[in-house]
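predicted model follows, preceded by the sequence.
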Amino acid sequence: DGLLVETVHDEVARACARYGGSVLHRAPGGGCTGRPGGRPGARAVGREGEPYDLVLALTTADPLPAVAEAVRAGFGRNRGTGDHAAGAEGYVIDRHDDITVVIADDPAGLLYGLFHLVRLGGRAFGGTRRAEHHRPATPRRILDHWDNVDVHPVMGQVERGYAGGSIFWLDGALRDDLSRVRAYGRLLAACGVNAITVNNVNVHAGEARLLTDRLGEVAAIAGELRPYGIQVHLSVGFASPVTLGGLPTADPLDDDVRKWWAAATERVYEALPDFGGYLVKADSEGQPGPFAYGRTHADGANVLAEALAPFGGIVRWRAFVYNHRQDWRDRSTDRARAACDHFAPLDGLFRDNVILQVKHGPIDFQTREPVSPVIAAMPSTRVAVELQVTQEYTGQQRHVCYLAPMWSEVLGFRPWGPGGRAVADVAAGNTASDTEDGAAGGGLVGVSNVGADRYWTGHPLAQANLYAFGRLAWSPDLEPAAILDEWIDLTFAPVTDGDPERLRDALHAIMDDSWRTYESYTAPLGVGFMVRPGHHYGPDVDGYEYTPWGTYHFADRDGVGVDRTRATGTGFTGQYPRPWSEVYESVERCPDELLLFFHHVPYGHVLRSGSTVIQHIYDSHFAGVERVAEARRRWDGLIGAGVVVAPALHTRVRELLDEQLRSAEEWRDQINAYFFRKSGVPDAHGRRIP
Ligand code: GCW
């Protein structure tokens, strides 16, 4: 905790040094007031007696500076309850007697309040402000890294990583210089993320040892992140008692296995008293799990949870369990059903410190999927929602694809219909009323898109996804365009000359709808997976069609789409509560953008939009490419408009937009040609289809 206060001091000193405006005094009870130093060792900025305009204070400070006390009292009065707690990680920001005041009950809150000031910039110090209270929607705002210690022969250093190597490991060893990790902690704290998992959920032999003899590497990473309030978690292999402990079994009900997990976990907490917990991918895509011993996933998760419980740690257990060796000829098996079929019967059987981590869609991070029915099916289980910040299926950080609009739709979706709770409520553990029972939330988790690249994310504009993930985890109601504004201000001001409003307009034009643009030139109407197998970049309509992966579109000469209805299909629609079970079941009521996810329809089927399926495919693919060309024009146009972005950054974006346009044309031509050849239906506008 003291460490976080130090961080706040350092950050304020840094800002003061940069702008030369404020003064700083480290208060003995924690926090900073504006009166210049006097205390030996205090790194005060400013001249004795100079008026100050900023106070950051912990409410526990004694004495609390008078102005902070006034803000605290006023806040309590306004709440009408006399309760003046800012709450865990929360803060109150106010401007009182021309002084900007941030108060928080804990150092983390002070840190987040400070970053709020940074977002406000000069606006924090002008005019009058109404007191604002900010608290995170959920205490769990986590980024999972899919970083490998050893370079994996197929997946490389970072699985599905599109931003260079790992910031932690290089060629099988922890990097000597971890300063980038420290900077990463600062970046994450600035957007509200408070935990990371350091290694890939696919735990290979080298990574498994992070739990035991290579624990020191995890501790070193944690040491860099701790000053920014970032907790560290570890992905562990379910078979660790066998592979690391030499036991004959990893059966979760075996006594020796239990003891092994307890002892291993105790050692982890000796090295890392603030360790967050374990993340487990079990019985999934070849990872070991409890099925091998005839046990359930509740048995599996609980043995780890029991080991972590004495230390306050949690297990995040992934619900991404399906048969990846299915026979494509078997039309009754539906991968979309798998997670619910496996996990819903286990509701209520998990220990309190187990969080079930559910991908937001039922299949696998496609550009468009419905919300996973698991999120609504487990009222007595803590559920975390997993988003993919790394752009595996959304352009691999070569295409601009601002994902906040998608996430915002997911988080705002109400599985029980209007008036019911939203996905964000489930993740936060908000119940519909104070009297209703419900599990505590599991939080929001993102798969990180960060790597050793100089811009962190490969595509410089992909940074906005990292930022938006943190901001939405903190506050799911934020508008994607408003988040983008924050990111633009924070990111571009220091590296741009010229009219900032022109830059802002151009970036909004390029990014606001980029997810829908990406959707329009790739797989249509929610059908998904028309990508090159393996690396998943670029189009390959039938690439997965006759494979064991369970990701089919069933296009033939008459129609396309997956029949997931109860009436004639796999019955997946029945996994949703009403009204969605009815809406998705009905070909007339199903939203257009998900039609082919739920229904197999003829090419001439008329959408709710009035267009036919086949004409929609042609139109959206032509239009999508046009929008990418327009985005490229907007970026180039900045130079003519006198907006000078740092040259290397400008060039990087420019080159990537070239690639995006090339790739979008390839998508357009392949998808259009494929469906033209299958259906024989010509484009109503007579455009060229190769
Ligand atoms: O989307 C798929 C990816 C795998 C990944 C898996 C998962 C880490 O293609 O690379 O493995 O999901 O989420 O476990």
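All right, it came through fine.

and the residue nearest the centre of the chain, which of the three is it?
Centroid-nearest residue in the chain, with Cα atoms, centre = their mean: residue 446, separated by 2.6 Å. Recorded secondary structure, residue 446: strand (DSSP: H, G, I helix; E, B strand; the rest coil).

could you check how far the closest residue to the ligand within the stretch 351-500 of the chain is from residue 246?
Evaluated by Cβ to the nearest ligand atom, the stretch 351-500 of the chain has residue 364 as its residue closest to the ligand, separated by 4.6 Å. (Each C-beta comes from the backbone N, C-alpha and C, glycine too.) Per Cβ to Cβ, to the nearest Å, residue 364 is found 35 Å from residue 246.

for residue 383, same thing?
35 Å.

ok, the two, which is more surrounded?
Legend: neighbour count by other Cβ atoms under 10 Å for residue 383 and residue 246, higher for residue 383 (27 against 8).

for that one, give me its contacts.
By Cβ atoms under 8 Å, 6 or more residues apart in numbering, the residues touching residue 383 are 355-358, 374-375, 426-427, 439, 441-442.

strands along the stretch 501-650 of the chain, start to end?
559-560, 601-602, 644-645 (DSSP state E, counting those that start in this stretch).

deepest-packed of these, please.
Highest mean neighbour count among those (mean count of other Cβ atoms under 10 Å): strand 559-560, with a mean of 23.

list the strands paired with that one, with their directions.
strand 601-602 (antiparallel) (DSSP bridges).

quick one: the strand it pairs with to chain centroid distance?
35 Å (Cα atoms, centre = their mean, to the nearest Å).

could you give the mean pLDDT of that strand?
For strand 601-602, the mean pLDDT works out to 98.

hmm, back to that, my read: the residue nearest to the centre of the chain touches residue 385, true?
No - the pair residue 446 / residue 385 is not scored as a contact, 9.6 Å apart, by Cβ atoms under 8 Å.

domain assignment for the protein?
2-134, 141-477 (automatic domain parsing).

buried deepest among those, which one?
Among the domains of the chain, domain 141-477 has the highest mean neighbour count (mean count of other Cβ under 10 Å), at a mean of 20.

what average pLDDT does that domain get?
96.

restrict the contacts of residue 383 to contacts with the ligand.
Restricting the contacts of residue 383 to those within reach of the ligand (Cβ under 6 Å from any ligand atom) leaves nothing.

got CSV for those, with distance to residue 193 and secondary structure too?
Listed next are these as CSV, based on distance: Cβ to Cβ, whole Å; DSSP: H, G, I helix; E, B strand; the rest coil:
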residue, distance to residue 193, secondary structure
355, 16, strand
356, 21, strand
357, 16, strand
358, 19, strand
374, 24, helix
375, 21, helix
426, 20, helix
427, 14, helix
439, 23, coil
441, 16, coil
442, 15, coil
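
which member of those residues is positioned nearest residue 68?
residue 441 (31.2 Å; Cβ to Cβ).

what's near enough to touch the closest one?
Contacts of residue 441 by Cβ under 8 Å, 6+ apart are 138, 140, 382-384, 426-430.

okay, buried residues for the helix ranked longest in the chain please.
Secondary structure assigned by DSSP state H gives helix 647-679 as the longest helix of the chain. For helix 647-679, a neighbour-count test (16 or more other Cβ atoms under 10 Å) marks 649-650, 652-653, 656-657, 660-661, 663-665, 667-672, 674-676, 678-679 as buried.

likewise for stretch 625-637?
625, 627-628, 631-632, 634-635.

the contacts of residue 441 in helices, which ones?
426-428.

TSV for these, including distance to residue 645?
Formatted as TSV, these follow (distance: Cβ to Cβ, whole Å):
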residue	distance to residue 645
426	40
427	36
428	37
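
please identify which of these is nearest to residue 342.
Using Cβ to Cβ, those come closest to residue 342 at residue 426, 18.5 Å.

ok, now which ones touch that closest one?
Taking Cβ under 8 Å, 6+ apart as the test, what residue 426 contacts is 375-376, 383, 385, 415, 441.

closest to residue 110 out of these?
residue 441 (24.1 Å).

not counting sequence-adjacent ones, nearest residue to the closest one?
Nearest non-adjacent residue to residue 441, counting by Cβ to Cβ, 6 or more residues apart in numbering: residue 429, 2.9 Å away.

what's the spacing between the one you found and residue 443?
9 Å.

list the contacts of residue 119.
486, 489-490.

also residue 339?
By Cβ under 8 Å, 6+ apart, the contact list for residue 339 reads 319-322, 358-359, 362, 372, 374.

okay, and which of these map to strands?
Among those, the residues falling in strands (DSSP state E) are 358-359.

any idea which of the contacts of residue 339 is closest to residue 292?
residue 321 (13.1 Å).

my read: that closest one touches residue 282, true?
Yes - with contact defined as Cβ under 8 Å, residue 321 reaches residue 282; the gap is 7.4 Å.

so can I have JSON lines of the strands of the stretch 501-650 of the chain showing distance to residue 587?
Shown next, in JSON lines, are the strands of the stretch 501-650 of the chain (distance: least, Cβ to Cβ, whole Å):
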{"stretch": "strand 559-560", "distance to residue 587": "11"}
{"stretch": "strand 601-602", "distance to residue 587": "7"}
{"stretch": "strand 644-645", "distance to residue 587": "48"}
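
so which of the ones you listed gets nearest the ligand?
So among the strands of the stretch 501-650 of the chain, strand 559-560 is nearest, using Cβ to the nearest ligand atom, at 22.8 Å.

so for the closest one, mean pLDDT?
Strand 559-560 comes out at a mean pLDDT of 98.

contacts for that strand, please.
527, 553-554, 596, 600-603, 605, 613, 675, 678.

tell me, which of those residues make contact with the ligand?
Answer for the contacts of strand 559-560 near the ligand: none qualify (Cβ under 6 Å from any ligand atom).

residue 595 touches residue 611, doesn't it?
No - contact criterion Cβ under 8 Å: residue 595 and residue 611 do not qualify, at 11.5 Å.

just want to know which of the two has more residues nearby.
For residue 595 versus residue 611, the count of surrounding residues by other Cβ under 10 Å is larger for residue 595: 24 against 17.

quick one: the more buried one from residue 601, how far?
From residue 595 to residue 601 the distance is 7 Å (Cβ to Cβ).
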